[in-house]
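K.L.:
Return a 3D structure for these sequence lines:
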Amino acid sequence: MRVGGGRDDDDEVSRKLKSMDVDKLENGGGEESPRPAVKYHGWKAMPFIIGNETFEKLGTLGTSANLLVYLTQVFHMRSVDAATLLNGLNGTTSLAPIIGAFLSDAYLGRYLALAIASVASLIEIWKLSRPGSSAARPCALLTVTRHHRRPRSGMFLLTMTAGANSLHPPECSVGETCEKATSYQFAVLFVAFAFLVLGSAGIRPCSMPFGADQFDPNTESGKRGINSFFNWYYFTFTAAMMISATVIIYVQSNVSWPIGLGIPTALMFLACVLFFMGTRLYVRVTPEGSPFTSVVQVLSAALKKRSLKQPKDPKQDLFDPPHTSAIVTKLAHTDQFRCLDKAAIVASPDEVRSGGGAPADPWRLCSVQQVEEVKCLIRIVPVWSTGIIYYVAVVQQSTYVVLSALQSDRHLGRAGFQIPAASFTVFAMLAQTLWIPFYDRLLLPKLRKITGKEEGFTLLQRQGIGIALSTVAMVISAIVEDRRRAIALSQPTLGTTITGGAISAMSSLWMVPQLMILGLSEAFNLISQIEFYYKEIPEHMRSVAGALAFCNLALGNYLSGFLVTIVHRTTGSGQNWLAQDLNKGRLDLFYWTIAGIGVFNFIYFVICARWYRFKGASN
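P.N.:
Prediction:
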């Protein structure tokens, strides 16, 4: 095939390519050169990794859930301003892991990133638990959102701003005019927020991929271990959230803040001890430089060679040097996105160094491995985008579900106890906590026999089930909300809320089924999402895989906020669907809208799933 130059150039290119084949044979025959052995300890390392994560989550979530209360009661911010600030902060902390993933994969490595973050979290939590801090005073818990899951050291540095009188406005009593925070105090506050973002960027993308790194993906036991690890990791994750959102918050708010803050100190100390105890067992993937550089090189080389003809025989005409990595899997050539194959065409003899093992200019010539890695990333994007729309339904459980609960009968039994409106998200967590061990230990072995696949349902099938369940949950939400509103308008009410909305006589427990289904939806979709990214993204970019799900969450929050704004402005001139008093609105129609969007998202997902080609699958 002529790709440039004359007959002599073609002969020289042919000799170069043949020399690469000889090198492959001399280095062990076939496709790859000998690889150094990697010793995997698998489940032996899990007590240290999962134990670290469990104690860390138990220690941090309870305090971080009080952030809205802190801003309104200590910094005297208006509730609307504090809520707006937190919405932006939550979105930013969910996007920051992309940067942390880049630094981890390119320079630090996942072990070092986790080690630094664990020590930093311990130092900060020790500071806030010191006696005499004015932060250690009771305050009412206003809200607990399950998407504040992973704030780290920045949250504790934020709490430290209450420890010095000069870093927050003076206290004021009920009825007094509260003094606003100064520019200096706000500056320190935003520095604390910056540390919070940095903490999220460092740990969110690394913790789960680091655990999965401990299993050998080339053995059957290793593959099974990876599948079970993702399930059990998320199980402990959810169980820790439930305990932290109930027991630790109760101790802080009703028993003693010094004790409530001392508990996280002890838990974080145990988390650090467990993590470093397992050091000798860990498999550490060495960072190989910026993974994004290789992506840009492929795109640049393909653009420069866009005028060349497609290779007739990719095995013979493309630059495919020996594969020497002990961690990164050798990828077979695929015929998708063939325009990128031009980046691996040897257009002239000068593009290959003597010996045929490396390009003279990596910005003009890339290997087949590099090209296929870029193809992997491109194939993932459509599937990934469905997660953004999926989260629009999920985030409702911490927003309008709470508002509906406030205008429902929340009494439990005859003792007069009322379920806190913000605590209803615990039902979704409970569904996940119960389902994961049932699926992993009881249902999965049977599914393996029926389907003949190690994972039972494939990763894409599980994601699709999760999307379908979220749509069902929105349909049930619409029906229950319509009933709640009808009872409020036709039957005697139980009083009014602080905002003036009448409380319906319908029991708020009618909302439990929709929350349980949403929790089950997350158990299917979120776990399989993370596992899907981990397995399908090239191994040296796995921290990026850990960040993609959080990007979905961030963009899903932004999209939900945008949808709320559109609906509010569109229906505001008539019967506002999202009125302050839900009895005067039509929240049920808002839920029906989300359900309709979910149907279209499911159809879109099925199309993407049928088109998708898994990594390592040849033509």
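
K.L.:
buried ones in the lengthiest helix in the chain?
P.N.:
The longest helix of the chain (DSSP state H) is helix 459-490. If you call a residue buried by 16 or more other CB atoms under 10 Å, then helix 459-490 has these buried ones: 459-478, 480-482, 484-485, 487-488. The C-beta positions use only the backbone N, C-alpha and C, and glycine is treated the same way.

K.L.:
just stretch 43-56 next, same as before
P.N.:
45-46, 48-56.

K.L.:
Quick one: neighbours of A405, just the number.
P.N.:
23 (other CB atoms under 10 Å).

K.L.:
Tell me if I'm right that it and S508 touch.
P.N.:
Yes - counting by CB atoms under 8 Å, A405 touches S508, with 4.9 Å between them.

K.L.:
Show me whatever sits in contact with both of those two.
P.N.:
419, 421, 424 (CB atoms under 8 Å, 6 or more residues apart in numbering).

K.L.:
tell me the mean pLDDT for the host helix or strand of Y558?
P.N.:
Using DSSP states H and E, Y558 sits within helix 542-571. Helix 542-571 carries an average pLDDT of 79.

K.L.:
Give me the next element, helix or strand, following it.
P.N.:
Sequence order places helix 587-611 as the next helix or strand after helix 542-571, per DSSP H and E.

K.L.:
what packs against that next one?
P.N.:
Judged by 3 or more CB pairs under 8 Å, 6 or more residues apart in numbering; DSSP states H and E, helix 587-611 is in contact with helix 368-394, helix 400-406, helix 459-490, helix 542-571.

K.L.:
Those: which one's closest to A344?
P.N.:
Ranking these by proximity to A344 (CB to CB) places helix 368-394 first, at 5.2 Å.

K.L.:
so what secondary structure elements neighbour that closest one?
P.N.:
helix 291-304, helix 459-490, helix 512-536, helix 542-571, helix 587-611.

K.L.:
Lowest average pLDDT across the ones you listed?
P.N.:
Mean pLDDT values for the helices and strands packed on helix 368-394 show the minimum at helix 542-571, a mean of 79.

K.L.:
how much does that helix deviate in direction from helix 512-536?
P.N.:
Using axes from the mean of the first three to the mean of the last three CA atoms, to 10 degrees, the direction of helix 542-571 lies 140 degrees away from that of helix 512-536.

K.L.:
before we move on, back to that, just the helices and strands packed on helix 368-394: most buried one?
P.N.:
Among the helices and strands packed on helix 368-394, helix 512-536 has the highest mean neighbour count (mean count of other CB atoms under 10 Å), at a mean of 23.

K.L.:
what separates it from the chain centre, distance-wise?
P.N.:
Between the centre of helix 512-536 and the centre of its chain there are 11 Å (CA atoms, centre = their mean, to the nearest Å).

K.L.:
Check stretch 368-379 too.
P.N.:
Averaged C-alpha coordinates place stretch 368-379 at 23 Å from its chain's average position (CA atoms, centre = their mean).

K.L.:
Repeat that for stretch 558-569.
P.N.:
Centre-to-centre, stretch 558-569 and its host chain are 22 Å apart (CA atoms, centre = their mean).

K.L.:
If you drop the residues flanking it in sequence, what lies closest to L489?
P.N.:
N583 (6.2 Å; CB to CB, 6 or more residues apart in numbering).

K.L.:
And for V394, the neighbour number?
P.N.:
A total of 26 residues lie near V394 under the criterion other CB under 10 Å.

K.L.:
scratch that, K312
P.N.:
So K312, with other CB under 10 Å, has 8 neighbours.

K.L.:
And for V188?
P.N.:
Residues contacting V188 under the criterion other CB under 10 Å number 19.

K.L.:
before we move on, what about Q370?
P.N.:
If you count neighbours by other CB under 10 Å, Q370 ends up with 23.

K.L.:
Narrow the buried residues of stretch 43-56 to those in helices?
P.N.:
Going by DSSP H, the helices hold 46, 48-56 from those.

K.L.:
from the middle of its chain, how far away would stretch 494-504 be?
P.N.:
On CA atoms, centre = their mean, the centre of stretch 494-504 falls 36 Å from the chain's centre.

K.L.:
Now that stretch: buried residues?
P.N.:
494, 501-504.

K.L.:
From one end of it to the other, what's the distance?
P.N.:
Terminal residues of stretch 494-504 lie 6 Å apart, using CA to CA, to the nearest Å.

K.L.:
So which residues make contact with that stretch?
P.N.:
Residues outside stretch 494-504 that contact it (CB under 8 Å, 6+ apart) are 406-409, 484-485, 487-488, 491, 493, 505, 580-583.

K.L.:
picking that back up, can you list the buried residues of stretch 43-56 in JSON lines and add distance to S325?
P.N.:
Formatted as JSON lines, the buried residues of stretch 43-56 follow (distance: CB to CB, whole Å):
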{"residue": "A45", "distance to S325": "22"}
{"residue": "M46", "distance to S325": "25"}
{"residue": "F48", "distance to S325": "26"}
{"residue": "I49", "distance to S325": "24"}
{"residue": "I50", "distance to S325": "28"}
{"residue": "G51", "distance to S325": "31"}
{"residue": "N52", "distance to S325": "28"}
{"residue": "E53", "distance to S325": "28"}
{"residue": "T54", "distance to S325": "33"}
{"residue": "F55", "distance to S325": "34"}
{"residue": "E56", "distance to S325": "31"}
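
K.L.:
Going by distance to V283, which of those wins?
P.N.:
For these, the nearest to V283 is A45 (8.0 Å; CB to CB).

K.L.:
Settle this for me: P217 is touching K223, isn't it.
P.N.:
Yes - counting by CB under 8 Å, a contact exists between P217 and K223, whose distance comes to 6.3 Å.

K.L.:
Around C366, how many other residues sit close by?
P.N.:
For C366, using other CB under 10 Å, the count is 28.

K.L.:
cool, and the one 3 residues further on?
P.N.:
Q369 is surrounded by 21 other residues when neighbours are defined as other CB under 10 Å.

K.L.:
hang on, it packs against A332?
P.N.:
No - contact status for Q369 versus A332: not in contact, 10.0 Å apart, counting by CB under 8 Å.
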